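Q: No letters, just coordinates:
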């Protein structure tokens with residue numbers, strides 16, 4: 001089994017759910033960190049983090065408020081998330097082009 005640490009990022013995420021990562025065939029992934037940063041000066045935004053497991057969507061975070069210059073860390077510290085082949089994580093916000101997203105994970109294949 002191969003273990004690989006990886007980073008994934010999205011810039012200027014907006015109102016449409018955008019897939020950040022999909023676990024590939026034969027891969028189990030442990031997300032060890034996820035940060036959603038508000039990049040709009042002077043504007044509070046809300047963010048949604050959606051996990052799709054076996055074809056069904058589940059909110060990890062729904063309409064979480066992020067003040068200007070701040071970030072939301074839904075995964076990190078004691079919180080981890082495991083994704084199996086075909087599972088994915090997506091992000092959306094309340095405003096167009098309003099958030100940068102960075103995720104770190106361990107892929108086991």
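A: That came through, no problem. Note that the coordinates shown come from a computational prediction; the quantities given were computed from them, not determined experimentally.
Q: Residue 45 - how many residues pack around it?
A: Residues within reach of residue 45, counting by other CB atoms under 10 Å, total 23. (Each C-beta comes from the backbone N, C-alpha and C, glycine too.)
Q: meant to ask about residue 8, not that
A: 14.
Q: Tell me the pLDDT of residue 1.
A: Here, the pLDDT recorded for residue 1 equals 77.
Q: Make sure it is actually in contact with residue 28.
A: No. Using CB atoms under 8 Å, residue 1 is not in contact with residue 28; the gap is 9.3 Å.
Q: Now the common contact residues for the two.
A: Common contact partners of residue 1 and residue 28 (CB atoms under 8 Å, 6 or more residues apart in numbering): 108-109.
Q: So between those two, which is more surrounded?
A: Neighbours were counted for residue 1 and for residue 28 using other CB under 10 Å; residue 28 has more, 16 against 5.
Q: Pull out the buried positions in stretch 100-108.
A: Residues of stretch 100-108 classed as buried: 100-105, 107 (neighbour count, 16 or more other CB atoms under 10 Å).
Q: Sitting in strands, which of the residues you listed do you find?
A: Applying DSSP state E to these, the entries found in strands are 100-105, 107.
Q: This completes my enquiry, with thanks.
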